[in-house]
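Peer 1: How does the following fold in three dimensions:
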Amino acid sequence: MSKEEKIVFCTGGGCTAKLGAGVLSRILEKLPRGEKDPNLLVGYDSRDDAAVYRITDDIALVQTADFFPPMVDDPYTFGQIAAANALSDIYAMGGEVKTALNLVCFPESMDLNILGEILRGGAEKVAEAGGSLAGGHSIADTGVKYGLSVTGLVNPKKMYTNDSGQPGDKLILTKALGVGLLCTANRVGEAAPEHMAGAIASMTTLNKTAAEISRRYSVHAATDVTGFSFLGHLHEMMGGKISCIIDARSIPVLPGAEKAADEFLYTAAGQRNRNHTGPYVTFENLPFAMEEVLFDPQTSGGLLLAAAPEDASALEAELQAAGLPAKIVGEIVPKTEPEITVKY
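Peer 2: Sure thing, here's the model as predicted:
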């Protein structure tokens, strides 16, 4: 691939391309609801990661879709990241991946070998997830976008939702933060190669192992940390009913991310996250760079789990034994003001 093709291919994307949470909420509030279907256990009105529809008492469909523009130069790597990100929503609901459909926007003037590499990367991640790639849909567009529509299965009695945490639960984050900052730094040539390699390794890691391990413990709530940032998705987890205290020193951060923040290499999406979620957060002695990490939009980020306090340490240890940078990062408390307190 020529240098010119790389520049056209990667113009900044991933989950930084998402609409802001505030704008999206205002749009969704205006949609007609229709008659409530009792079998639709989770819909768009819940701010959850995927829809869940009950088929029987023990089987429910989990459905999600996610796609975005490239955030890395290599098409194959982009395909892997986009697929891992889409598949993650199934794991965040406690489900297992079954089928996936490709979603493709691609310029007719661009080399089709690039598209082939994107699809190869995506197909490999679907296979790694244990799912079947069953087709897809493509349209001609002015820019490249790729992702998946994914269907999984979950026992509705054992599914995770994002706002069912309880006071006393420990919050566990399974991946390090900072990929948005590092991708931004990389676009302007300011990311060390080893730091960008760490971001890519994180983004291409499925949340499958973390989800499978979590199901062996008492987990009351879960979400995956993506475009709305750690604090944005944490705010959704609180659901207006509970609060939490976060220990910023325990949060795993990718090498180079805080340096990028100190050099002001952050994204417009990160600032939208700050504007939307900032009013719910109080920082105690936190360096500005770490604040930016916590508002940083993540692409294919980790799971954020609310685990029963008696299980949290064992769950953290098993996740770490599996090679994940998982850490207990905080605790849910009864509802207070502010909703989220971040201590350093």
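
Peer 1: What does the pLDDT read for residue 21?
Peer 2: pLDDT, residue 21: 58.

Peer 1: do the same with the one 3 residues further on
Peer 2: Residue 24 is assigned a predicted lDDT (pLDDT) of 62.

Peer 1: can you give me the strands for this structure?
Peer 2: Using DSSP state E, the strands of the chain run over 40-42, 51-54, 60-68, 96-106, 132-140, 145-154, 170-173, 219-224, 242-247, 281-284, 303-307, 327-334, 340-343.

Peer 1: Would you point to the one among these that's packed deepest?
Peer 2: Stretch with highest mean neighbour count among the strands of the chain: strand 303-307 (a mean of 27; mean count of other C-beta atoms under 10 Å). (C-beta placed from N, C-alpha, C; glycine too.)

Peer 1: Now do the contacts for the residue sitting nearest the centre point of the chain.
Peer 2: In the chain, the C-alpha nearest the mean C-alpha coordinate belongs to residue 226, at 2.8 Å (C-alpha atoms, centre = their mean). Applying C-beta atoms under 8 Å, 6 or more residues apart in numbering, we find residue 226 in contact with 15, 18, 85, 88, 233, 297-301.

Peer 1: what's the answer for residue 133, then?
Peer 2: Residue 133 neighbours (C-beta under 8 Å, 6+ apart): 99-102, 122-123, 126-127.

Peer 1: Most widely separated two among the residues you listed?
Peer 2: Greatest spacing in the contacts of residue 133, by C-beta to C-beta: 101 and 127 (14.6 Å).

Peer 1: thinking again about what came up before, the residue nearest to the centre of the chain and residue 318: what is the separation?
Peer 2: Taking C-beta to C-beta, to the nearest Å as the measure, residue 226 falls 24 Å from residue 318.

Peer 1: min pLDDT across the contacts of residue 226, which one?
Peer 2: Scoring the contacts of residue 226 by pLDDT puts residue 15 last, at 53.

Peer 1: quick one on the thing from earlier: which one, of the strands of the chain, ends up nearest to residue 261?
Peer 2: strand 281-284 (13.9 Å).

Peer 1: Walk me through which strands the closest one pairs with, and which way each runs.
Peer 2: Note on strand 281-284: by DSSP bridges, its sheet partners are strand 340-343 (parallel).

Peer 1: Convert the partner strand to PDB, retaining C-alpha atoms only.
Peer 2: Output of strand 340-343 as PDB, limited to C-alpha atoms (Å, rounded to 0.1, in the frame of the first residue of the first chain):
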ATOM      1  CA  ILE A 340     -18.700   9.700  41.000                       C
ATOM      2  CA  THR A 341     -15.800  10.700  43.200                       C
ATOM      3  CA  VAL A 342     -12.300  10.000  41.800                       C
ATOM      4  CA  LYS A 343      -9.500  10.000  44.300                       C
END
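
Peer 1: Give me the distance from stretch 264-281 to the chain's centre.
Peer 2: Taking C-alpha atoms, centre = their mean, to the nearest Å, one finds stretch 264-281 lying 16 Å from the centre of the chain it belongs to.

Peer 1: Now that stretch - C-alpha only, CSV.
Peer 2: What follows is stretch 264-281, C-alpha atoms only, in CSV (Å, rounded to 0.1, in the frame of the first residue of the first chain):
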residue,chain,number,x,y,z
PHE,A,264,-2.7,18.1,24.5
LEU,A,265,-3.1,15.3,21.9
TYR,A,266,-6.6,14.5,22.8
THR,A,267,-9.8,14.3,20.8
ALA,A,268,-13.0,16.3,20.3
ALA,A,269,-14.9,13.2,21.4
GLY,A,270,-13.0,13.3,24.7
GLN,A,271,-14.1,16.9,25.3
ARG,A,272,-17.7,16.0,24.5
ASN,A,273,-17.4,13.2,27.1
ARG,A,274,-16.1,15.7,29.6
ASN,A,275,-18.9,18.2,28.9
HIS,A,276,-21.6,15.5,29.2
THR,A,277,-20.3,13.5,32.2
GLY,A,278,-18.1,16.1,34.0
PRO,A,279,-21.0,17.5,36.0
TYR,A,280,-21.5,14.1,37.7
VAL,A,281,-17.8,13.8,38.7
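
Peer 1: all helices for this structure, in order.
Peer 2: 3-9, 21-29, 75-92, 112-128, 179-187, 193-203, 208-214, 229-238, 257-262, 268-277, 288-295, 309-321 (DSSP state H).

Peer 1: rewinding a little: the contacts of residue 133 into CSV, with extra columns for distance to residue 197?
Peer 2: Shown next, in CSV, are the contacts of residue 133 (distance: C-beta to C-beta, whole Å):
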residue, distance to residue 197
99, 32
100, 26
101, 30
102, 27
122, 20
123, 23
126, 23
127, 23
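
Peer 1: Relative to residue 258, which of those is nearest.
Peer 2: Nearest member of those to residue 258, counting by C-beta to C-beta, is residue 122, at 31.1 Å.

Peer 1: show me what contacts the closest one?
Peer 2: Neighbour list for residue 122: 79-80, 82-83, 102, 133, 146, 148 [criterion: C-beta under 8 Å, 6+ apart].

Peer 1: Distance check, it against residue 80.
Peer 2: Separation of residue 122 from residue 80 (C-beta to C-beta) stands at 7 Å.
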